[in-house]
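Chemist: Need coordinates for the following:
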Amino acid sequence: MLKIGLTGGIGSGKSYVAAKFEKLGIPIYFADKEAKKLMNSNKVLKLEIKQLLGQESYHRNGRLNRAFVATKIFSESGFLAKINKLVHPAVKQDFYNWAEEQKSLYVIEESAIIYEHGMQTNFDKTILVVANKSLRLKRLKKRDGSTDEQIKSRMKKQWTDAKKTKLADFIVENNEIDSLEDKVNTIHQAILNLKKVKK
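Modeler: Next up is the predicted model:
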């Protein structure tokens, strides 16, 4: 089964694009959502996080102490990279296990930071969703009420579209909603053709 990575900067609309693939019957693994689940359910990962950040990382009921972990990560240099080294392998294995259970010709993992962490090697092909910066700012302000400064600060932590474009196999320009389905259908057919070639 082909494994496809779907990524894009904040506000690019990658989740919206993922929904279009879902309509075509393609299963989508949302990495961020599943990572949060694993941090609450994976016993090995929970133990590793406690060893890294301390027992306060989890409440008595076994749930992640998100406020404590966030404070720890962003107040002390190096902890974000360390926790990523724990979470990313767990997510990778969970995605592979999940993919084996699917019955479709290919599956997609939606993740914001595929290229930034060199994870493109986990996939047969990658899809990059891009959009104009002004449109991304507008979407994010509408979605969660963030200020321009907050959004730009988050954008700086991600690679530019120009840098990511060099690594992408497929690119979806998500500026015109009307033509988005056609773009997704074109990529869908191209991936199905790859599947035929692999056979």
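Chemist: Excluding residues flanking it in the chain, which one is nearest residue 48?
Modeler: residue 86 (4.8 Å; CB to CB, 6 or more residues apart in numbering). Placement of C-beta: from N, CA and C, glycine included.
Chemist: Help me confirm that the one you found comes into contact with residue 45.
Modeler: Yes. Between residue 86 and residue 45 a contact is recorded at 6.2 Å, counting by CB atoms under 8 Å.
Chemist: For the helix or strand where the residue nearest to residue 48 lies, name the packing helices and strands.
Modeler: Per DSSP states H and E, residue 86 falls inside helix 79-101. Applying 3 or more CB pairs under 8 Å, 6 or more residues apart in numbering; DSSP states H and E, we find helix 79-101 packed against strand 2-8, strand 28-30, helix 31-41, helix 43-53, helix 66-75, strand 106-110.
Chemist: quick one: contacts of it?
Modeler: 1, 3, 29, 31, 34-35, 38-39, 42, 44-45, 48-49, 52-53, 69, 72-74, 107, 109, 117, 119, 122 (CB atoms under 8 Å, 6 or more residues apart in numbering).
Chemist: got it, and stretch 107-120?
Modeler: 1-10, 14-15, 18, 21, 26-32, 84, 88, 92, 95, 98-99, 122-123, 126-127, 158-159, 163-164, 167.
Chemist: avg pLDDT for the host helix or strand of residue 138?
Modeler: Using DSSP H and E, residue 138 sits within helix 133-144. For helix 133-144, the mean pLDDT works out to 84.
Chemist: downstream neighbour of the lowest-mean-pLDDT helix or strand in the chain in the secondary structure list?
Modeler: The least trusted helix or strand in the chain, going by mean pLDDT, DSSP states H and E, turns out to be helix 148-156, with a mean of 78. Using DSSP H and E, the helix or strand that follows helix 148-156 in sequence is helix 161-165.
Chemist: what comes up buried for whatever helix or strand comes next after that next one?
Modeler: Sequence order places strand 170-173 as the next helix or strand after helix 161-165, per DSSP H and E. For strand 170-173, burial by neighbour count (16 or more other CB atoms under 10 Å) applies to 170, 171, 172.
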